[in-house]
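Colleague: Provided below are the primary sequence and the corresponding predicted coordinates.
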Amino acid sequence: MSMTSTAPPIQIEQLTYAVDGRPILDSVGLTVQQGEIFAVMGRSGTGKTTLLRLIMGLARPTSGQIRVNGVDITGLPERDLDELRKDMGMVFQSAALFDSLTVGENVAFPLVEHRRLPESDLAERVSDLLEMVDMAGTEPLMPAQLSGGMRKRVAVARALALEPHIILYDEPTAGLDPISATASDELIRRLRDTTGVTSVIVSHDVQSLRRVSDRAAVLHNGRFLVVGPMAEFAASQDPAVVQFLSGSPEGPMSGPYQPD
């Protein structure tokens, strides 16, 4: 995959998103570099998924800028956003497969919608995509026949269908056993290494993010507390970061759950 722009894939400046006057994200800034695996950590309900929705243009910020491949998306009409979204794949926490379609039909869906490949080419492309995620030959299966880890792999294959330069992962290891979670991390890294895709992961799985991310940020009270390689986080003196990494119930991150 070759970039069509020299601008960083994702640039966020002074981004604020408020609901009923309550800021979920409060003047945050972030630059994700080409080919980077960037993780956003935080408790459930801190706005991590909201951040992904804003980057995809599925929600509009209250103020600030989001640039994707150098294009400010915050004021783009829906038609232009649709075109830009072809360069972004999203893997939802639930996998979000169509239960009435086979695995092959699920993976083919974006290709049918946007590319209209000939039937013979479509089957070959789907086969290649499933092989990339170690799910070769599963085209005739239905989603209900798959484990949670397998469903997420199919979702990754579907997200890769249009050869995006950016993939957004929402809690990729949620609900997976430790072996499947490690396999998921290895897949994310391997796809980056083989395709050069830029990846943004939101998660609260500290162990997973230590394995997979190049850099990470901790989101708390609408702000990024620390941004840098995970190895540097252990030295942080910020009480909220210390609490999050240790998993302690006591500290500034404690409090009632808020919807993400």
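Modeller: In hand now; what should we look at?
Colleague: next, the buried residues of stretch 212-225.
Modeller: Of all the residues in stretch 212-225, those buried under the rule 16 or more other Cβ atoms under 10 Å are 212-220, 222, 224-225. For every residue, glycine as well, the C-beta is placed using N, CA and C.
Colleague: helices and strands around the helix or strand where residue 125 lies, which ones?
Modeller: Element membership for residue 125 (DSSP states H and E) is helix 119-132. Under the contact definition 3 or more Cβ pairs under 8 Å, 6 or more residues apart in numbering; DSSP states H and E, helix 119-132 sits against helix 103-114, helix 148-159.
Colleague: run the last query once more with 6 Å
Modeller: Applying 3 or more Cβ pairs under 6 Å, 6 or more residues apart in numbering; DSSP states H and E, we find helix 119-132 packed against helix 103-114.
Colleague: buried set for the helix it packs on?
Modeller: Within helix 103-114, the residues that count as buried by 16+ other Cβ under 10 Å are 103-111.
Colleague: between that helix and helix 119-132, how many degrees?
Modeller: When axes from the mean of the first three to the mean of the last three Cα atoms, to 10 degrees is applied, the directions of helix 103-114 and helix 119-132 differ by 120 degrees.
Colleague: just the mean pLDDT for helix 103-114, thanks.
Modeller: Helix 103-114 shows a mean pLDDT of 91.
Colleague: contact partners of that helix?
Modeller: With contact meaning Cβ atoms under 6 Å, 6 or more residues apart in numbering, helix 103-114 is reached by 97-98, 117, 122, 126, 129, 138-139, 141, 154, 157-158, 161-162.
Colleague: need the max-distance pair from the buried residues of stretch 212-225.
Modeller: Spatially, the most separated pair among the buried residues of stretch 212-225 is 212 and 222, at 25.0 Å (Cβ to Cβ).
Colleague: let's have the buried residues of helix 103-114 in TSV, adding distance to residue 232.
Modeller: As requested, the buried residues of helix 103-114 are exported to TSV (distance: Cβ to Cβ, whole Å):
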residue	distance to residue 232
103	40
104	43
105	44
106	39
107	38
108	42
109	40
110	37
111	41
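Colleague: circling back: and the contacts of helix 103-114, which is closest to residue 6?
Modeller: The closest of the contacts of helix 103-114, once distances to residue 6 are taken by Cβ to Cβ, is residue 162, at 21.7 Å.
Colleague: now the terminal residues of stretch 97-111, how far apart.
Modeller: 15 Å (Cα to Cα, to the nearest Å).
Colleague: mean confidence score for the longest helix along the chain?
Modeller: Assignment by DSSP state H gives helix 178-195 as the longest helix of the chain. Helix 178-195 comes out with an average pLDDT of 93.
Colleague: do the same with stretch 163-170
Modeller: 94.
Colleague: for stretch 8-18, same thing?
Modeller: The pLDDT scores in stretch 8-18 average 94.
Colleague: who touches it?
Modeller: 23-34, 61-67, 69, 166, 198.
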